[in-house]
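1. Quick one, structure for this:
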Amino acid sequence: MSKIKPYKDSDLGKKEQVTKMFDTISGDYDGLNRVISFGIDVKWRKKVVNIVKNTNPNTILDIATGTGDLAINLAQTNATKITGLDISSGMLEIGKQKIKTKGLDTKIEMVLGDSENMPFANNTFDAITVAFGVRNFENLENGLKEIYRVLKPNGTFVILETSVPTKTPFKQGYKLYTKHILPLIGKVFSKDRSAYKYLSESASVFPYGEALNNILRKTGFINVEDFPQTFGVATIYKSSK
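-> As a prediction, this is how the structure comes out:
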């Protein structure tokens, strides 16, 4: 697992550092995401929604929900209750404003909490999603065990996460973009220069593809599949309990 920390000069643990980082960039996060991904992240989230929608869930948990983009999109399913969980109060506040504006505040609840110690009973949710959040877990295995715990038997778990292209020239282009261009964009447009440097570095060392599939299987998930997106710069993982 990655030892990269958002604030290398800090004595805080990764969890506290990630919280501080996302609180700081919460106001810039949505706009910067669209710029950094050229808007393609919207398409990826739609694919996650379609996967979840096909399972007809009644209750959905979106972990590391941030400003609620995926939770809001999941309102397109027939679920009666969607819960967004995040450790950053700053990100959640932005999300709550967006949800209220869209008139979804009776359907979507935003909860402040730790993904590795969630305030939910065993076997609570029909479907669980995480978009660009698992690489920020302090302990990936602990986080996945918690997800497994609160997911209902036969429930669906979907991850959307960055990955590294394996084919030329996409692999070389990805490394150039994440090493030089992404941190520059963060430096120019964000209040926190180190945040986007951390996000690009953490993506480059996080397990992806079959490596993450094996971790999911080790945790107990079954029917594990992965679907690389846009030449492999992101991957959708689908599994069940």
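2. Which pLDDT value belongs to Ser194?
-> What the model reports for Ser194 is a pLDDT of 63.
3. List the strands paired with the lengthiest strand in the chain, with their directions.
-> Longest strand of the chain, by residue count under DSSP state E: strand 151-162. Here strand 151-162 is paired, per DSSP bridges, with strand 125-131 (parallel), strand 234-240 (antiparallel).
4. Report the buried residues of it.
-> Within strand 151-162, the residues scored as buried using 16 or more other Cβ atoms under 10 Å are Leu151, Lys152, Gly155, Thr156, Phe157, Val158, Ile159, Leu160, Glu161, Thr162. Yep, even glycine has a C-beta here, placed from its N, CA and C like the rest.
5. Show me what the very next helix or strand once past that strand is in contact with.
-> Counting by DSSP states H and E, the next helix or strand C-terminal to strand 151-162 is helix 170-176. The contact list for helix 170-176 (Cβ atoms under 8 Å, 6 or more residues apart in numbering) reads Val164, Pro165, Ser204, Phe231, Gly232, Val233.
6. do the same with stretch 49-56
-> Residues outside stretch 49-56 that contact it (Cβ under 8 Å, 6+ apart) are 60, 70, 73-74, 76-78, 126-127, 129, 156, 158, 236, 238.
7. Which two of these have the greatest separation?
-> Asn78 and Ile236 (20.8 Å; Cβ to Cβ).
8. sec struct for Lys145, please.
-> Following DSSP: H, G, I helix; E, B strand; the rest coil, the label given to Lys145 is helix.
9. contacting residues for Gly113?
-> Neighbours of Gly113 in contact, by Cβ under 8 Å, 6+ apart: Leu85, Asp86, Ile87, Pro119.
10. in the protein, which spans are helices?
-> 14-36, 40-53, 69-73, 89-101, 140-150, 170-176, 182-189, 193-205, 210-219 (DSSP state H).
11. hey, which of those is tucked in deepest?
-> Of all the helices of the chain, helix 69-73 has the most neighbours on average by mean count of other Cβ atoms under 10 Å, namely a mean of 24.
12. Could you list every helix and strand in contact with that helix?
-> Judged by 3 or more Cβ pairs under 8 Å, 6 or more residues apart in numbering; DSSP states H and E, the packing partners of helix 69-73 are helix 40-53, strand 59-63, strand 81-86, helix 89-101, strand 108-112, strand 125-131.
13. Would you mind putting those into JSON lines with mean pLDDT and distance to Gln172 alongside?
-> Shown next, in JSON lines, are these (pLDDT from 0 to 100; distance: least, Cβ to Cβ, whole Å):
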{"stretch": "helix 40-53", "mean pLDDT": "96", "distance to Gln172": "19"}
{"stretch": "strand 59-63", "mean pLDDT": "98", "distance to Gln172": "33"}
{"stretch": "strand 81-86", "mean pLDDT": "98", "distance to Gln172": "34"}
{"stretch": "helix 89-101", "mean pLDDT": "96", "distance to Gln172": "33"}
{"stretch": "strand 108-112", "mean pLDDT": "98", "distance to Gln172": "40"}
{"stretch": "strand 125-131", "mean pLDDT": "98", "distance to Gln172": "26"}
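14. Could you dump the ones you listed into CSV with distance to Gly13 added?
-> Formatted as CSV, the helices and strands packed on helix 69-73 follow (distance: least, Cβ to Cβ, whole Å):
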stretch, distance to Gly13
helix 40-53, 28
strand 59-63, 19
strand 81-86, 17
helix 89-101, 18
strand 108-112, 18
strand 125-131, 20
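15. between the ones you listed, which gets nearest to Glu146?
-> strand 59-63 (8.9 Å).
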